[in-house]
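Trainee: Model the following, please.
(one chain, ligands or ions: 1)
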Amino acid sequence: MRSPCLKSLSITLIVALSTFAPRQGLAASPEPVKAEHGMVVTAQHLASDIGVEVLKKGGNAIDAAVAVGYALAVVYPTAGNIGGGGFMTIRFKDGKTTFLDFRERAPLAATKTMYLDDKGDLVEGLSTEGYLAVGVPGPVMGFEFTRSRYGTKPLKELIDPAIELAREGFVLQQGDIESFDGKTERLARDPAAAAIFLKPDGKPFAAGDRLVQTDLAASLSSIAEKGTDAFYKGAIADAIVKASADKGGILAKEDFERYQVRELEPVKCNYRGYDIVSSPPPSSGGLIICEILNILEGYPLSYLGYGSAETVHAMIEAMRHAYVDRNTALGDPAFVENPAAKLVDKSYAKEIRAKIDPFKAGVSQELMPAGFTESKETTHYSIIDDEGNAVAVTYTLNGSFGAGIVAPGTGILLNNEMDDFTAKPGTPNLYGLVQGEANAIEPGKTPLSSMSPTIISRDGKPFMVIGSPGGARIITITLEAIINVIDHGMNIQEAVDAPRVHHQWLPDKVFMEPYALSPDTRKLLSAMGHDVQVDENWMIWGQAAGILVGGENVAEIEAGGGARYSGAVDSRIGAGAARGY
Ligand code: DON
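Mentor: Predicted coordinates:
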């Protein structure tokens, strides 16, 4: 193993070695899916089929994204949704970009201390289970806002396939069943959820069973007919508000009537000549990905190699520093001043690099900002059309099946996004994130997210569409897919499959996916002072969905000889598919 020499290589050498690095991917990954006209990569194959059909019929990537969004709400109920929230990053064929925020907002009756008892202690489960955990949902407004502005097809045409799948049902395959694993007890607690997502005898669905969602079909039909009013002003809002009131929640009709989508300027940065466009606050994703990439730009990752102790050390230290900023400084831009310019500034990255000891792990406690004390479902899909319009969407119910509740009669699973707020400063949330005041609960505020739908271009042309679920790890999962392609020469399938590592400042641990690091590498990292732990919970390692343009990897793109679009769905996803035409 080479001795740590992170600072000694000249920039010229770094650039030279980056350009000519040998391919270091995983031989075991299948080939990416190739296509010439359009590509849709989602976590459920039926949704991918629906997206491609929209493109084939002349719809653009935005139309396909709307159709896929509704379809996943039916065929991927653990995360696809209209009762949660999400983000959409768009890069149009002319190079312009935009970002849609249709994430949940805190109900008007929410308070900073709503999840604490009289003694100021967190009441376990309040922010994750039942109606108190629910933020005001955004996807129906988000999809319609985006379709009417940037789509070309009528809503009915885009939502009809989802209605049919809900009404007629679809046969569950092994990959679908995986997302129901271990959820029986939770779903059984809510009779309306149990009636849909468990069999009449209370048992979980098995492969070969048909999942029919009659109430959801009716809700979707009323949206097709009456538009967003059906959800925000009509019977659906009424049903959710009533169920919430009956079960101790605080959702009010006014919360729904006031819901608005925000169209925001995406975060932009440049990494080794590639232009990155990603999610701005209320997501932390884009800023923190850019901050980490800016730090890593100073290290010859390509030369050091995928999975080497030096590469992992640099990545972990960059993550450690950036997650301090994520967890302490960021929040909803309508409520707090985010230091966005600073976080994407290359000179700030340089300052951080100067603090990183190439031989020794940092200590998270030493990075604790003054006054700060320390005391999981989502899905991503990536689409590109024949004209080159690219769309990246990450949307979520937060935990698997959200709060595990369905307002009777609606068929709509509701989120537990309120848990993404700082319920109590210094206390970890569902994803172990220890957060501060900037993300405190306030009426109408949006909780800080890690969702990072990202589009990368090079020389003015689209290069990569990428994103993932994974809670706090979304940022590092997306980041690792990017550096796997750019620095390590992997093809898009290898890049999303490669085992991952993660650090989020607190707890001060390096989490590694099984087999991500060899025993020798682990020893080297431990000797530097890293506390490396294998995390076998595969659910938390995300499910990336990516597209590369012009070839399956950088070498092929640079040689100019690849398929126009290469798509890859993470092999961790049981039911997903990349489909092109
Ligand atoms: O917005 C966020 O950051 C979280 N609510 C995402 C949750 C998630 O990715 C769950 N999936 N594994």
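Trainee: Name the residue of the stretch 151-300 of the chain that lies nearest to the ligand.
Mentor: The ligand sits closest to Ser283 of the stretch 151-300 of the chain, with a gap of 7.2 Å, by CB to the nearest ligand atom. C-betas here are computed from N, CA, C, even on glycine.
Trainee: what's the nearest residue to that residue if we skip its chain neighbours?
Mentor: When the adjacent residues along the chain are set aside, Ser283 lies closest to Ser449, with 4.4 Å between them (CB to CB, 6 or more residues apart in numbering).
Trainee: these two touch, right, the one you found and Gly84?
Mentor: No - assessed by CB atoms under 8 Å, Ser449 is found out of contact with Gly84, at 11.1 Å.
Trainee: if we can go back for a sec, give me the phi and psi for the residue nearest to Ser283.
Mentor: phi -120, psi 160 (degrees, to the nearest 10).
Trainee: Could you do Ala577 as well?
Mentor: The phi/psi pair for Ala577 (degrees, to the nearest 10) reads phi -160, psi 140.
Trainee: which residues are in contact with the helix or strand that contains Asn270?
Mentor: Following DSSP states H and E, the helix or strand that holds Asn270 is strand 267-271. Taking CB atoms under 8 Å, 6 or more residues apart in numbering as the criterion, the residues outside strand 267-271 that touch it are 97, 275-280, 286-287, 290, 293-294, 296-297, 340, 344, 482, 486.
Trainee: Show me the shaky parts of this protein.
Mentor: By pLDDT under 70, the low-scoring segments of the chain are 1-27, 372-376.
Trainee: who in it is up against the ligand?
Mentor: Proximity of the chain to the ligand is confined to 376-378, 396, 398, 417, 420, 449-451, 469-471, 474 under the rule CB under 6 Å from any ligand atom.
Trainee: just checking, which of those belong to strands?
Mentor: In strands, judged by DSSP state E, the following of those are found: 378, 396.
Trainee: so how far is stretch 87-102 off the chain centroid?
Mentor: Here stretch 87-102 is found 16 Å from its chain centre; the criterion is CA atoms, centre = their mean, to the nearest Å.
Trainee: Over to it now: how far is its first residue from its last?
Mentor: Its first and final residues considered, stretch 87-102 spans 6 Å by CA to CA, to the nearest Å.
Trainee: next one: stretch 98-112
Mentor: According to CA to CA, stretch 98-112 extends 32 Å from its N-terminal end residue to its C-terminal end residue.
Trainee: Same check on stretch 167-182?
Mentor: Between the opening and closing residues of stretch 167-182 there is a gap of 26 Å (CA to CA).
Trainee: How many residues are close by the residue nearest to Ser283?
Mentor: Around Ser449 sit 29 other residues, with neighbours defined as other CB atoms under 10 Å.
Trainee: Kindly report the same for the one 5 residues further on.
Mentor: The number of residues packed around Thr454, counting by other CB under 10 Å, is 29.
Trainee: In this structure it contacts Met88, no?
Mentor: No - the pair formed by Thr454 and Met88 falls short of the contact definition of CB under 8 Å, at 11.6 Å.
Trainee: Give me the common contacts of these two.
Mentor: When contacts are counted by CB under 8 Å, 6+ apart, the set common to Thr454 and Met88 consists of Ala392.
Trainee: Where does the stretch 251-400 of the chain get nearest to the ligand, residue-wise?
Mentor: Going by CB to the nearest ligand atom, the ligand is nearest to Thr378 of the stretch 251-400 of the chain, at 3.1 Å.
Trainee: so what's that residue up against?
Mentor: The contact partners of Thr378, taken as CB under 8 Å, 6+ apart, are 79, 394-398, 451, 469-471, 474.
Trainee: switch the cut-off to 7 Å
Mentor: For Thr378, the contact set (CB atoms under 7 Å, 6 or more residues apart in numbering) comprises 79, 394, 396, 451, 469.
Trainee: Quickly list what it is bridged to.
Mentor: Thr396 (DSSP bridges).
Trainee: Output the longest helix belonging to the protein.
Mentor: Scanning the chain for the longest helix, with DSSP state H as the assignment, gives helix 309-329.
Trainee: Need the contact partners of the helix or strand that it is followed by.
Mentor: Past helix 309-329, further along toward the C-terminus, the next helix or strand under DSSP H and E is helix 340-343. Under the contact criterion CB under 7 Å, 6+ apart, helix 340-343 has outside partners 281, 287, 290-291, 325, 348.
Trainee: residues of helix 340-343 that come out buried?
Mentor: Residues of helix 340-343 classed as buried under the neighbour-count rule (16 or more other CB atoms under 10 Å) are 340, 343.
Trainee: Just give me how far the next helix or strand after that helix sits from the chain centre.
Mentor: Reading on from helix 340-343 to the C-terminus, the next helix or strand found by DSSP H and E is helix 346-355. When distances are taken as CA atoms, centre = their mean, helix 346-355 is centred 27 Å away from the chain's centroid.
Trainee: for stretch 477-489, same thing?
Mentor: Here stretch 477-489 shows a centroid-to-chain-centroid distance of 16 Å under the convention CA atoms, centre = their mean.
Trainee: Need the CA coordinates for that stretch. CSV is fine.
Mentor: Written as CSV, here are the backbone C-alpha positions of stretch 477-489 (Å, rounded to 0.1, in the frame of the first residue of the first chain):
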residue,chain,number,x,y,z
ILE,A,477,-24.5,8.0,-2.2
THR,A,478,-25.1,10.5,-4.9
LEU,A,479,-21.6,11.9,-4.4
GLU,A,480,-20.0,8.5,-4.6
ALA,A,481,-21.8,7.6,-7.9
ILE,A,482,-20.4,10.9,-9.3
ILE,A,483,-16.8,10.3,-8.3
ASN,A,484,-17.1,6.6,-9.3
VAL,A,485,-17.8,7.8,-12.9
ILE,A,486,-15.6,10.9,-13.0
ASP,A,487,-12.6,9.8,-11.0
HIS,A,488,-12.7,6.1,-11.1
GLY,A,489,-13.8,5.5,-14.7
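Trainee: Just the CA atoms of the host helix or strand of Ala237, as PDB, please.
Mentor: For Ala237, the host element (DSSP H and E) is helix 235-246. This file holds the C-alpha atoms of helix 235-246, laid out as PDB (Å, rounded to 0.1, in the frame of the first residue of the first chain):
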ATOM      1  CA  ALA A 235     -62.800  15.700  -0.700                       C
ATOM      2  CA  ILE A 236     -59.300  14.400  -0.400                       C
ATOM      3  CA  ALA A 237     -58.200  17.300   1.900                       C
ATOM      4  CA  ASP A 238     -61.400  16.900   3.900                       C
ATOM      5  CA  ALA A 239     -60.800  13.200   4.400                       C
ATOM      6  CA  ILE A 240     -57.200  13.700   5.500                       C
ATOM      7  CA  VAL A 241     -58.100  16.600   7.900                       C
ATOM      8  CA  LYS A 242     -61.000  14.500   9.400                       C
ATOM      9  CA  ALA A 243     -58.800  11.400   9.900                       C
ATOM     10  CA  SER A 244     -56.100  13.700  11.400                       C
ATOM     11  CA  ALA A 245     -58.600  15.300  13.900                       C
ATOM     12  CA  ASP A 246     -60.000  11.900  14.800                       C
END
